[in-house]
Structures are given as C-alpha cells and as structure tokens.
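Participant: Below are the sequence and a predicted model for it; my questions follow.
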Amino acid sequence: MKGIVFTEFLDLVEDKFGIETVEQIISDSELESNGIYTSVGTYKFTEMVSLLTNLSNLTKISTNDLLKVYALHFFDVLVKNYGSILNTYKTPLALLASIDSHIHVEVRKLYPDAELPYFDVNESSNNKLVMTYHSSRAMYSFAHGLMEKTFEHYNEKATINYELLKEDGTIVKFEIIKE
C-alpha cells in the first residue's frame, strides 16, 4: 500500500483525535515500519489494518465509519495533488464511471506497483450508475466516502446505496442515483 495512504491517515487521526492518539495507535500496533512512513514508500496493508483496528478500539468508532471519514479527507488530498484529472470530467457520474478506464490508469503511471481496487460498470446513464467494487482489501467504505465527496466536489447530490455481494466486503455493488 502506498505511503501517502498512511501519511494522510495519520494526519487525519492527529487532526481529529490528537497526536497522543497517533502515538497510542502506533505503539499498540505491531508495525514493521515502526510507524515511520514516507508518502512515496510502499508498506504492508496489514499495517493499515492494525492502525485502523487500534483506532477503532480506542475511539469506539467502527472501522467502516473511520474509513468513510478518512475517504472524505483523502479526496481533498486528491483534489490538491491531482485536480487536473478531476477537472476533465463535467459530472460526478462521468468521473466515477471512468475510475478504471482513466483514473486508475493515471494512478498506475505514478505508482506502478499500486494495488488498486477495480470497478465493473454494470449500468450507466445521466442519472444513475451501478458499479461493482472488487478488492481483496474490502475497503468499500473508503470507496463509498470517495463517491460521496465526488458529488460534493461537483456541488451535486446523490443517493448512494451498496450491497455486499460477498459477506467479507471484497465484492460490493454500488447503486448511485443522482438527485
């Protein structure tokens, strides 16, 4: 997993819960990196799971809720660093429909070893998008938060529903209806 995901996660934890919480979740986790991350480094996903689990235990907030909040934060990072890509789309549905065909292609140019989820677009129209999320990491709540923030970025609203197609969250169907 790319280091920027870790550095931004720890920045969010510090902003929301304080530096003491950052220090606590790092010390409670068994981290090969010792909690020292660079944005361009690559780290094991198990470290993120450990940090997230320990934050959840400490704050009593579910890991899925924490992932969604983190996605809202991370979207702003994407806008700041890669806003030109986002600006090529006129609507949030167009952007979301192009995640695999364009957005992830650009991410792989920057980070060739990035392990990204993939999305199958099952249905697409001007007002509706149905897509299936696939990822061994089961971070569908993170994807959900990014989708919500995408609509906010375009000053539009949508109802986003999801259905776990696999109980472990590795395959999830999203139905996005523009309001």
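Facilitator: Received it, and whenever you're ready, just let me know what you need.

Participant: Pull the contacting residues for Glu156.
Facilitator: Glu156 is in contact with 91-92, 178-179, counting by C-beta atoms under 8 Å, 6 or more residues apart in numbering. All C-beta spots, glycine's among them, are computed from the backbone N, C-alpha and C.

Participant: Check for me that it belongs to a strand.
Facilitator: No. Using DSSP: H, G, I helix; E, B strand; the rest coil, the secondary structure at Glu156 is coil, not a strand.

Participant: From Glu47, how far out is it?
Facilitator: For Glu156, the distance to Glu47 (C-beta to C-beta, to the nearest Å) stands at 36 Å.

Participant: Could you identify the helix or strand that succeeds the lowest-mean-pLDDT helix or strand in the chain?
Facilitator: Ranked by mean pLDDT, DSSP states H and E, the weakest helix or strand in the chain is helix 104-110, scoring a mean of 81. With elements assigned by DSSP states H and E, the helix or strand that comes after helix 104-110 is strand 118-124.

Participant: partner strands of that following strand, parallel or antiparallel?
Facilitator: Take DSSP bridges as the rule and strand 118-124 pairs in its sheet with strand 128-134 (antiparallel).

Participant: Could I get the buried residue list for the strand it pairs with?
Facilitator: Neighbour counts using 16 or more other C-beta atoms under 10 Å place 129-131, 133 of strand 128-134 among the buried residues.

Participant: where does the chain dip in pLDDT?
Facilitator: Scanning the chain for pLDDT under 70 picks out nothing.

Participant: now the helix of greatest length in it, how far from the centre of its chain.
Facilitator: Counting by DSSP state H, the longest helix found in the chain is helix 63-86. Helix 63-86 sits 7 Å away from the centroid of its parent chain (C-alpha atoms, centre = their mean, to the nearest Å).

Participant: then the next helix or strand after that helix to PDB, C-alphas only?
Facilitator: The first helix or strand that comes after helix 63-86 along the chain, using DSSP H and E, is helix 92-97. What follows is helix 92-97, C-alpha atoms only, in PDB (Å, rounded to 0.1, in the frame of the first residue of the first chain):
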ATOM      1  CA  PRO A  92     -19.600  13.200 -10.900                       C
ATOM      2  CA  LEU A  93     -21.200  10.200 -12.600                       C
ATOM      3  CA  ALA A  94     -18.900  10.600 -15.600                       C
ATOM      4  CA  LEU A  95     -15.900  10.700 -13.200                       C
ATOM      5  CA  LEU A  96     -17.000   7.700 -11.200                       C
ATOM      6  CA  ALA A  97     -17.800   5.700 -14.400                       C
END
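
Participant: Show me the contact partners of helix 92-97.
Facilitator: Contacts for helix 92-97 (C-beta under 8 Å, 6+ apart): 86, 89, 103, 121, 124, 126-129, 131, 147, 150-151, 153-154, 156, 158, 176, 178.
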